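Participant: 3D, please:
(chains A, B, C, D and E, ligands or ions: 4)
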Amino acid sequence: MPEARTPLLSVENLTIAFGGLVAVRDFSIAVAPGTIHALIGPNGAGKSTTFNCISRLYRPNAGRILFDGQDITRLPSSAMAGLGIARSFQNLELFNELTVYENILIGAHCHCGASLRDRLSARPPHLAAEIDRIIERTGLGAYRETKACNLDFGHQKLLELARALAIRPRLLLLDEPAAGLRNREIAILDGLLTDLARRDGLTILLVEHVMQLVMSISDRVTVLNFGTKIAEGTPQEVKSNPAVVEAYLGKETALHG
Amino acid sequence: QQEPGLTPTTIKIGMFAPLSGANMAYGFDVANAAKMYYDKINKEGGIHGRKIEVVLEDDRCNANDLVAAVKKLVEQDQVFMLNGGSCSAAVVAAKEYVVRNKVPLVMLNASGDGALYPPTDYIFGAFSISQYAVGGAMIDFAAKTFGAKKVAYVNHDDAYGAWNLEGAKADAEASKVDLAVESVNPTINDVTAPFLKLRAANPDALLIVTYARPAALMIKKAAEMGFNKPIILSVTGTANLSQLMQNVGGPDALKNFYVQDVLADLPGGPKIKWVYDMYKQSYPDLAAKPDHPQAYMPYGIPSAMSIVKALQAAGPNPTREKVLEAMKTLNFDSGVMAGPVVFGPSERAANKATIFIKFDGTNQTLQPGVYSSRWKFKG
Amino acid sequence: MDTELIYLFLQQGIVSGMVVGSVYALLALSIVMIFKTSEVPNFAQGEIFMAAGYCALFLLVFQTTPVWLAVPLTLVVAFAGAALFRRVVLTQVSRASGSPVNLVIATLGLSYVLKGLVRRTGFGDTPRSFPALVSTDGVMIGQASITRLDVAIFLTALAVMAVLFCLFAYTKVGRAMRAVGMNPKAARLMGVDLQRIHMLVWGLSAVVSAIAALLISPKILMTAEMGGIVTMAFAAAIVGGFTSLPGAVVGGFVIGIAENLVGLFISSRAIVVAPFVAIMLVLIVRPQGLFGGRVAIKKV
Amino acid sequence: MADLLEIRGISASYGRIQAIAGVNLSVPDGAVVALLGANGAGKTTTLNAVSRLVPVTAGSILFEGRPIERASSHAVVRAGISQVPEGREVFRDMSVRENLEMGAYGRSDRTGIRQDIDRAFDYFPILKERLQQKAGTLSGGEQQMLVIARALMARPRLLLLDEPSLGLSPVLVEKIFAIIRRLNADGLGILLVEQNASVALAASSYAYILENGEVAVEGRSADLRHDDSVRRTYIG
Amino acid sequence: MRFVALTVAAAILIALPLVTTGYVVYLANLLLTFTVLCLGMHIVIGETGQFSLAHAAFYGIGIYAAGIAGTSFGTPFPVSILIGGLAAAAIGFVIGMVALRMRDIYLALATFAFGEAMQWVFLNWNAVTGGPNGLRIAPARLFGLELVTDKDAYPFVVATAVAMLVLTVIVARARLGRSFRAVRESEIAAQAMGVPVQRTKVVAFGISAFFAGIAGGMFTLFSTYIHPDSLGFQTTILVLTMVVVGGLGSIGGAVGGAIAFGLISELLRQAPSFQEIAYGAILILFMMYAPKGLFAFLADRFRGARHA
Ligand SMILES: Nc1ncnc2c1ncn2[C@@H]1O[C@H](COP(=O)(O)OP(=O)(O)OP(=O)(O)O)[C@@H](O)[C@H]1O
Ligand SMILES: Nc1ncnc2c1ncn2[C@@H]1O[C@H](COP(=O)(O)OP(=O)(O)OP(=O)(O)O)[C@@H](O)[C@H]1O
Ligand SMILES: [Mg+2]
Ligand SMILES: [Mg+2]
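Facilitator: Ligands and ions are numbered 1, 2, ... in the order given. The predicted structure is shown next:
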């Protein structure tokens, strides 16, 4: 049972405010290793803000963030990749003028080897196989040498994911990876994420509004509303929680989704 | 060995001056003046049967470009000697090269003190005047004419300023005059601060040793603040006196005002009229433009005259060495400048004499006497 | 130095500093306007200022056009010239590359062309001034003495700033100007005519610079190099925060006063460096300039 | 009666990449038309061609019978076409209110604008709470709401919606489609680009499916919804 | 193709002093110095996307440091050049640290202010720089070898320039270069990938200052005099112009821009009266019709001609 194990990531009593607006209030979440944990909630509930706190872009007003037992609340943002925390961005933050390959290579920034040869090489040989595999897994094979800005939206989303994978993360923070994807691609993503968690043992914290994805892959779901947790449990439990239906799912989705 | 730049019928002289850009006004017409003088000599039959051939380069008043121009003239065009330089700091950059290659360099109107002291065998200049002399003469005039015991002195924070201040200090010491000095950047926009400080020193005269623009700002400020002691403007700022009158806001600002000059006569006066006439004849197009000839135009004449005289003295088979020997003994009155052109065994600055003119906005009155500096180079 | 003198120096230094500062401020306003709408620091602003001054000089002094005609004519020429440059040159530059650096280099090109043109006329060699548009009779403010013209310069700077501020903050066109700077694509989708807005901004900015030239020429004198004063305007804009109109004006005053106080209490030699030291101090204490909004963390 | 929008064989390209080739499409007056297709099929490009953000290399676009393929983007907006672009193109440093006011750029009826702002709050109450907040700091979904509300401020006759449901919570997606129906009932023509094909087909009367920059399938939405081969190939 | 170009370039560099006058070699020395300046500028603006408007100041620091080392302490010139580079880099790092807190345009503006202040220091620190009188630089020396003429200095200038070019290529290809570009494209994403953004910027800044300092050292090999007038904002802008006109973001662009623009400028010297207008017009036309730089423009034409 996932609950039995010590969590890989735990956020304890997180609070952050912008001016008068308390975006997240006294929020706690524990993500068990090897699971897919979804964080859902209405727009503006504070999901991305929570992500930004975990990846150290924002400094929380109160609370602690523990990764693998280590307190990371005060570490700089750029230290996250080294620890094995990767993230994607909801509004796309790609290296636009660089090719798909280079984007992924920068994802592997922390794994560029200690030897001078590895550090000086334009395409470090020891990473070649790994990057090829990431490209293949995310289906970007046809676009290796395409500039990121020339990709369509869907492939840009996939590139965000591919780049995050190159970090060799233990924890993957995904902010709306399925937004803008079609059913078929969502299905592919579904498979990929499940695979990453089940086979590669990655832990995934997922923010997503596409319920078909959330409900099918999540081991656990936490629901946030106005910055506070209103529900937590298995997908089925959450789906039938009246407060969640009221605030977030809507009657129709609850019925059909 | 054949001397470069010499054929039986021609002798090639390399000229350089700022022909473009911000500092064009300092050299463009000075070079034109020298050129027209060479033309005149050529028309009169040349020098020992040789016509002077001028190669002119733009030095942009900037060290890198000036060095490029000099190297081009010497190595590519193979000139016999050089006649150029209107910007002191830039011309100093060519010093080592010229000396090492033993090419005679006769400056145009650059003061170029940095290349004249310590003296070398190859470089001659200060045909307008040496900056050391400018500063010293200003003090000399203030002390003699107004019995000044304390003078306020504004100069630039550049090489010019450093040199003329040294001259001024030497003369101030000799004349027992107290100096209050403010050094400003030539680009200054607001002269309130230096003026207030100088006024606070309670001087007997205000000496302005700057270019025309800061000078006008200073004079105007003095008038606005009701300063009534004599104001004396050095030759560096006298470019255009009628314009100066407008720039300072009218004749009221010039009630007690004197300017230094190094020409033999008032601008446009009968003694130097021939220079202006010659210019009009040689460059009718330029002369029709506003502000032409540029103020420093006549300074090119004594420079060219010196070269012609030295070449003549060097005889029908001139060498660079012979010309340099002749240069060192030159002593003549150009008729253009206030004092004679005098070089000597260790003297490389042609002119040290200045005159002063009282200017009230319309009339110019020559003040009696010639003033110069007591500064001496201490090698 | 006795206290009385210090007191006098302070008063005169500050008052005079604010006058020259007003001119820096006007130029800074021109720069900030363009920067706000296109993220381009206009390197030709000084030369636009200079060329407008010579245009007025030419009309006023050499063609003896009456003032009431020469001034508006100059403003019209400045507006049209700048708008045309924006339309013809910069449109093509941004279509071709879109990189702001390229636009900057194009404005640099304009600065050389304008300087070269003015020099070709032959008017640029001697420092010149045309008749002051306002009398230069003295006025005392405390112990500081300045002229009526100085007062006019100061008031004009404030007025222009107020007008521009209102334009940007409260009018539809002003809002469109800001929108174009923030997100040109979205602005087009709102029905904003990008081309027109850009031309308008360039035109207005040139007019502000031209006003500065008309006022200041009797004070700092005109040469083909007078555009160099734009360095001070940049300094003012930086101190003020680079995107803030009131900031530009305050920045102008700060720089003008700093120059004078440094000149009075430290050394005249240090006047030139004062603005840059001011920039460094301000930026170290407040990395976004005095009036720049808080350096926002980009929301992702 | 002429169609509200009629696109005849338009092509557009980015440099050497041809994004759409010979697309034909029409939006009848008062209809909701869906434009579907895979990522990169050229949907956004088609909308941008209509909004005159990308140049058209061939073909013509008629709005209310008048050709607009050479018009400038602002003229198209004035003529009555508003677009909700993908990617949440807000004015980041402007407040929510100013963003809405920018939406009414071409209008000068103050009272009408005020009413429309109120209507926007009606649709999206959260925007009212965020009125003075800088748009750049809104959450993703809030920005999306703002962009939709802003497009309506122009009182368009044709609305181009580029993936309006993207990043919105399920309740809000329901709400957006309810709003779409309401606007449509008021006579607004809508061209809707959506990833979520089933929802889009449910909301529209006619649909086009783009593939590699060309129209691959078109037909009445109800028919397409139940056409198995279409479902298998395009909707999945 | 590239091989051919490199061979031709090498042949020209080797043949140059044999077939031309000292004047041409002087120009070549100067252009190569500017090439190194441009490479430094390329690293900070082309690779990292940050403006450094203090390039002339670092160049000046290099010249004074190397010049004083060689002239007053008689250090052999390779050491002097290195001293020039290191002095500039050290000050560059310090300035970078101070400017760290600033973002976007403010960083650029702070460097602009520093550059102007530094020129003032050169002009007023008489004891060290000679102030307005300028500084004489003794001929460069190495074990009794003395570089007196431009041709003497040329091989060493070329060698230094080539070494710096190679260094640029290495840096650009390496992990460091990738993190530069990552910072240029998106600071936030770079951070998330583990790139320490601020440190990377400072390193880029320092390296670019190092390059400028080395260029300063090169200048002392063939020049006898330096005056603060040559070390102002104009020079920084000239270098920036070269890099942009050559083609922002590519090493070839930086090198080509330096050489092409240096030559254009020298050619324009022959046509003084329209010089400024022509110079300005060239800049404008380049930005209008060849915005990706000289080489992209030529390559496009070339391709176009072949297809036609
Ligand atoms: N930098 C900021 N300044 C001010 N307010 C902010 C800032 N960042 C976020 N907010 C506010 O905090 C709230 C939470 O935003 P957040 O982006 O975390 O929402 P979210 O749950 O990710 O929503 P969505 O699903 O729409 O992306 C929002 O109301 C937003 O307006
Ligand atoms: N700015 C651009 N530069 C170059 N190519 C582009 C650009 N924008 C789009 N493309 C290309 O044009 C094609 C069509 O893109 P478009 O954005 O219209 O697709 P779409 O159908 O909207 O896709 P999505 O559903 O992912 O938004 C794609 O192949 C894309 O790579
Ligand atoms: Mg979010
Ligand atoms: Mg799209």
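Participant: how about low-confidence regions in chain B?
Facilitator: Within chain B, the stretches with pLDDT under 70 are B:1, B:379.
Participant: scan it for its longest helix.
Facilitator: Using DSSP state H, we find that the single longest helix of chain B is helix B:24-43.
Participant: what of chain D?
Facilitator: Chain D, longest helix under DSSP H: helix D:170-185.
Participant: and it, does that touch ligand 1?
Facilitator: No - using Cβ under 6 Å from any ligand atom, helix D:170-185 never reaches ligand 1; the gap is at least 8.9 Å. C-beta: built from backbone N, CA, C; applies to glycine.
Participant: which is the succeeding secondary structure element to that helix?
Facilitator: Next in sequence after helix D:170-185, counting helices and strands by DSSP states H and E, comes strand D:189-193.
Participant: the helix or strand following that next one near ligand 2 at all?
Facilitator: Per DSSP H and E, the first helix or strand lying C-terminal to strand D:189-193 is helix D:197-203. No - against ligand 2, helix D:197-203 shows no contacts by Cβ under 6 Å from any ligand atom, the least distance being 11.7 Å.
Participant: ok, and what's touching helix D:197-203?
Facilitator: Contact with helix D:197-203 is made by A:182-183, D:32, D:34, D:36, D:165, D:173, D:177, D:180-181, D:192, D:194, D:207, D:221-222, D:224-225, D:234-235, as judged by Cβ atoms under 8 Å, 6 or more residues apart in numbering or on different chains.
Participant: now with 6 Å?
Facilitator: Contacting residues not belonging to helix D:197-203 are listed as D:32, D:34, D:36, D:177, D:180, D:192, D:194, D:207, D:221, D:224-225, D:235 [Cβ atoms under 6 Å, 6 or more residues apart in numbering or on different chains].
Participant: where does the residue of chain B found nearest ligand 3 sit: helix, strand or coil?
Facilitator: Closest residue of chain B to ligand 3, Cβ to the ion: B:Asn189 (52.1 Å). Under DSSP: H, G, I helix; E, B strand; the rest coil, B:Asn189 falls in the coil class.
Participant: ok, it - contacts?
Facilitator: Counting by Cβ under 6 Å, 6+ apart, the residues that B:Asn189 touches are C:20, C:220.
Participant: got TSV for the contacts of helix D:197-203, with pLDDT too?
Facilitator: TSV is the format used below for the contacts of helix D:197-203 (pLDDT from 0 to 100):
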residue	pLDDT
D:Val32	95
D:Ala34	95
D:Leu36	91
D:Phe177	91
D:Ile180	90
D:Leu192	96
D:Glu194	87
D:Ala207	95
D:Ser221	92
D:Leu224	90
D:Arg225	87
D:Ile235	66
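Participant: show me which pair in those residues is furthest apart.
Facilitator: Based on Cβ to Cβ, the longest span within the contacts of helix D:197-203 runs between D:Ile180 and D:Ile235 and measures 19.3 Å.
Participant: what is the burial count for D:Asn24?
Facilitator: Using other Cβ atoms under 10 Å in any protein chain shown, D:Asn24 is surrounded by 14 other residues.
Participant: same list, the contacts of helix D:197-203, but as JSON lines with neighbour count and distance to B:Tyr276 please.
Facilitator: Below are the contacts of helix D:197-203 laid out as JSON lines (neighbours: other Cβ atoms under 10 Å in any protein chain shown; distance: Cβ to Cβ, whole Å):
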{"residue": "D:Val32", "neighbour count": "25", "distance to B:Tyr276": "86"}
{"residue": "D:Ala34", "neighbour count": "24", "distance to B:Tyr276": "86"}
{"residue": "D:Leu36", "neighbour count": "28", "distance to B:Tyr276": "86"}
{"residue": "D:Phe177", "neighbour count": "21", "distance to B:Tyr276": "89"}
{"residue": "D:Ile180", "neighbour count": "22", "distance to B:Tyr276": "86"}
{"residue": "D:Leu192", "neighbour count": "28", "distance to B:Tyr276": "83"}
{"residue": "D:Glu194", "neighbour count": "25", "distance to B:Tyr276": "84"}
{"residue": "D:Ala207", "neighbour count": "27", "distance to B:Tyr276": "88"}
{"residue": "D:Ser221", "neighbour count": "20", "distance to B:Tyr276": "92"}
{"residue": "D:Leu224", "neighbour count": "23", "distance to B:Tyr276": "93"}
{"residue": "D:Arg225", "neighbour count": "18", "distance to B:Tyr276": "96"}
{"residue": "D:Ile235", "neighbour count": "19", "distance to B:Tyr276": "92"}
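Participant: quick one, phi psi at the nearest residue to B:Asp158 once chain neighbours are set aside?
Facilitator: Excluding its sequence neighbours, the residue lying closest to B:Asp158 (Cβ to Cβ, 6 or more residues apart in numbering or on different chains) is E:Pro132, at 4.7 Å. Backbone torsions for E:Pro132, taken as degrees, to the nearest 10, come to phi -70, psi -20.
Participant: and what of A:Leu39?
Facilitator: Per-residue torsions, A:Leu39: phi -120, psi 110 (degrees, to the nearest 10).
Participant: now for it: which residues touch it?
Facilitator: Taking Cβ under 6 Å, 6+ apart, we find A:Leu39 in contact with A:47, A:207, A:222.
Participant: now the last one: which helix or strand?
Facilitator: A:Thr222 is part of strand A:220-225 when elements are defined by DSSP H and E.
Participant: that older thread, from ligand 4, how far off is the residue nearest to B:Asp158?
Facilitator: Counting by Cβ to the ion, to the nearest Å, the gap from E:Pro132 to ligand 4 is 63 Å.
Participant: hang on, isn't C:Gly256 packed against C:Val19?
Facilitator: No - C:Gly256 lies out of contact with C:Val19 (Cβ atoms under 6 Å); the separation is 7.1 Å.
Participant: between those two, tell me which one has more neighbours.
Facilitator: The residue with more neighbours, out of C:Gly256 and C:Val19, is C:Gly256; 29 against 25, by other Cβ under 10 Å.
Participant: can you say which helix or strand has the residue lying closest to the more buried one once chain neighbours are set aside in it?
Facilitator: Spatial nearest neighbour of C:Gly256, excluding adjacent residues (Cβ to Cβ, 6+ apart): C:Gly21 at 2.5 Å. In this assignment (DSSP H and E), C:Gly21 forms part of helix C:3-38.
Participant: in what helix or strand does the residue lying closest to E:Leu31 once chain neighbours are set aside lie?
Facilitator: Residue nearest to E:Leu31 in three dimensions, not counting chain neighbours: E:Gly262, with 4.2 Å by Cβ to Cβ, 6+ apart. If you go by DSSP H and E, E:Gly262 is part of helix E:251-268.
Participant: so what secondary structure elements neighbour that helix?
Facilitator: When contacts are defined as 3 or more Cβ pairs under 6 Å, 6 or more residues apart in numbering or on different chains; DSSP states H and E, helix E:251-268 sits against helix E:22-41, helix E:233-247, helix E:275-289, helix E:294-307.
Participant: which other residues reach it?
Facilitator: E:31, E:34-35, E:38-39, E:42, E:168, E:242-243, E:245-247, E:275, E:278-279, E:293-295.
Participant: kindly recompute the last result at 8 Å.
Facilitator: B:68, E:27, E:30-31, E:34-35, E:37-39, E:41-42, E:46, E:165, E:168-169, E:172, E:238-239, E:241-247, E:275, E:278-279, E:282, E:293-296.
Participant: what about the longest helix of chain D and chain A, any contact?
Facilitator: Yes - applying Cβ under 8 Å from any Cβ of the partner chain, one finds helix D:170-185 touching chain A at D:170-174.
Participant: in that helix, what's buried?
Facilitator: For helix D:170-185, a neighbour-count test (16 or more other Cβ atoms under 10 Å in any protein chain shown) marks D:170-177, D:179-180, D:183-184 as buried.
Participant: the residues you listed into TSV, with extra columns for distance to C:Gln92?
Facilitator: Shown next, in TSV, are the buried residues of helix D:170-185 (distance: Cβ to Cβ, whole Å):
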residue	distance to C:Gln92
D:Pro170	48
D:Val171	49
D:Leu172	43
D:Val173	44
D:Glu174	48
D:Lys175	45
D:Ile176	41
D:Phe177	44
D:Ile179	42
D:Ile180	41
D:Leu183	40
D:Asn184	42
